[in-house]
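> Need coordinates for the following:
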Amino acid sequence: LDADNYETDPCLKEIRRAENYSWMDIVTIHKDKLPNYEEKIKTFYEEHLHLDDEIRYVLDGSGYFDVRDKDDKWIRISMEKGDMITLPAGIYHRFTLDENNYVKAMRLFVGEPVWTAYNRPADDFPARKQYMKFLAEETH
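Here you go, the predicted structure:
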């Protein structure tokens, strides 16, 4: 994706239309830009899940999403300018900055945003059970 021209990027516009990403905002994670920076960084790095998909598009900077594989082992995903990721509802994950300590990202949602994170263990939520069922089907 063309992060320098995200406001007019036809590819982003088509993704938003096709996936029904009707709501978005932009967050800058940097000690000079994010209120309660230290607290937020710790919160982002706590292993958690959401009941809705988490969609992030990196407009500038870089960082890492860590996700759990089917064997509950960590996989680190490097994200940099122009990258977009969709973490499915129910997947355990965490986020951290890299050595640059800066990322500017677009947060996208279907409908109204829901920010609630459920720290592990959160295995009883239907979203988690559905995700685990998906993983089991994928391995067969």
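> Surely A18 is in a strand?
No - counting by DSSP: H, G, I helix; E, B strand; the rest coil, A18 falls outside a strand, being helix.
> Show me where this structure dips below the pLDDT cut-off.
Within the chain, not a single segment meets pLDDT under 70.
> the strands in it, which residues?
Applying DSSP state E to the chain gives strands spanning 23-29, 48-49, 54-68, 74-80, 84-87, 93-97, 103-109, 118-119.
> Tell me which of these is the most buried.
Scoring those by mean neighbour count under mean count of other CB atoms under 10 Å gives strand 48-49 as the most buried, with a mean of 22. Every residue, glycine included, has its C-beta placed from N, CA and C.
> Now find how far off-centre it is within its chain.
10 Å (CA atoms, centre = their mean, to the nearest Å).
> just stretch 55-62 next, same as before
Relative to its parent chain, stretch 55-62 has a centroid offset of 9 Å by CA atoms, centre = their mean.
> likewise stretch 22-32?
The answer for stretch 22-32 is 12 Å, by CA atoms, centre = their mean.
> Equivalent analysis for stretch 83-99, please.
Using CA atoms, centre = their mean, the offset of stretch 83-99 from its chain centre is 4 Å.
> for stretch 31-49, same thing?
13 Å.
> Not counting its own residues, what contacts it?
Contact partners of stretch 31-49, identified using CB atoms under 8 Å, 6 or more residues apart in numbering, comprise 27-30, 89-97, 101, 117-120, 122, 125, 127-128, 131.
> Counting neighbours, which bits of that stretch end up buried?
I41, F44, E47, H48, L49 (16 or more other CB atoms under 10 Å).
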